[in-house]
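Q: Sharing a model that was predicted from the sequence below.
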Amino acid sequence: MRYLLCLVCLLTPSMSFAQLNTLGVYTDERAVTCLTHDTPGPHTLYVMVRISNGATGARFRLEYSSGFTGTLLSSSSPWSNVTGDPSTGVTVMFDTACQVGDIAVMTLNFMFAGGSPDCSWIRTAKHPLSAAGGPEISNCLFQFVPAYWEGTHVTSGFSTDCPNDINYEEHTHFCRPYWEPTIATQASTWGAVKALYR
């Protein structure tokens, strides 16, 4: 019955973009926390599919902010069908079964050196073979489809307020570290600014 409901969800034409699965990097195995303290030493992070409406696998690579001083030492998965490496691109299939809810994909063992800039981040990103612009989930029909990305902030202290990606998804994705490049500015006058809007 569960598999039938999964197929009905996937084939519903009114399915909106907001119902996509989320594939992210979290600091706990329940995909609740996405902020870790940059203390030197070993740190374990988790790649999870969060609140899945049906998935048979995941395809992604890890991406880091510039200046992040951690090193990925090893990775493991509870699933036996794993190809590739999370640093360059990995595909994890969930042993040919459609899974729902929160799904553990990988455990990542890092060594943090400390000294990363505040609000550094680790996130899921586009696999080199993906057609989508970001990570992908294999749906219950074994077709790779786009997924939302999420990530973990790395800070010098837990009181740090790190910004999320500023767009309409901000309210539905609590672990989207801001990663767009800073836009250069230059001095101007109020008259020059007003002239832009005439």
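A: The structure has been received and is ready for your questions.

Q: alpha carbons only for contacts and neighbour counts from here, please
A: OK.

Q: measure Phe142 to Leu62 for me?
A: 22 Å (CA to CA, to the nearest Å).

Q: Which one's more surrounded, those two?
A: Leu62 (22 against 15; other CA atoms under 10 Å).

Q: Can you get me the centre-to-centre distance for whatever helix or strand the more buried one lives in and its chain?
A: Using DSSP states H and E, Leu62 sits in strand 57-64. Distance, stretch centre to chain centre, for strand 57-64: 8 Å (CA atoms, centre = their mean, to the nearest Å).

Q: got the contact list for that strand?
A: For strand 57-64, contacts defined as CA atoms under 8 Å, 6 or more residues apart in numbering pick out 23, 85-94, 105, 120-127, 130, 134-139, 142, 144.

Q: Can you tell me which of those residues are buried?
A: 23, 86, 89-94, 105, 120-127, 130, 134-139, 144 (16 or more other CA atoms under 10 Å).

Q: For this protein, give me the ranges with low pLDDT.
A: The chain contains residues with pLDDT under 70 at 1-19, 158-160, 164-174, 178-198.

Q: so how far is Trp121 from the residue nearest to Asp118 when sequence neighbours are not counted?
A: Using CA to CA, 6 or more residues apart in numbering and skipping the chain neighbours, the partner closest in space to Asp118 is Thr155 (4.6 Å). Separation of Thr155 from Trp121 (CA to CA): 9 Å.

Q: cool, and Val145?
A: Distance from Val145 to Trp121, by CA to CA: 24 Å.

Q: and if you look at Asp102?
A: 22 Å.

Q: what do you get for Ser74?
A: Counting by CA to CA - Ser74 and Trp121 are separated by 18 Å.

Q: Also Arg50?
A: 19 Å.

Q: Then Arg59?
A: Taking CA to CA, one finds Arg59 at 19 Å from Trp121.

Q: Off-centre distance for stretch 146-163?
A: 10 Å.

Q: Any idea how far apart the tips of it sit?
A: 24 Å.

Q: for that stretch, which positions count as buried?
A: So, applying 16+ other CA under 10 Å, buried residues of stretch 146-163: Pro146, Ala147, Tyr148, Trp149, Glu150, Gly151, Thr152, His153, Val154, Thr155, Ser156, Cys162.

Q: Let me know the closest of those residues to Pro40.
A: Using CA to CA, Ser156 comes nearest to Pro40 of these, at 10.6 Å.

Q: Could I get the full set of strands for this protein?
A: 22-26, 35-37, 41-55, 57-64, 71-76, 81-85, 89-93, 99-112, 120-125, 136-138, 144-146, 148-155 (DSSP state E).

Q: Just send these back as a markdown table, with distance to Pro177 too.
A: Below are the strands of the chain laid out as a markdown table (distance: least, CA to CA, whole Å):
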| stretch | distance to Pro177 |
| --- | --- |
| strand 22-26 | 11 |
| strand 35-37 | 10 |
| strand 41-55 | 15 |
| strand 57-64 | 11 |
| strand 71-76 | 19 |
| strand 81-85 | 23 |
| strand 89-93 | 20 |
| strand 99-112 | 18 |
| strand 120-125 | 7 |
| strand 136-138 | 18 |
| strand 144-146 | 19 |
| strand 148-155 | 6 |
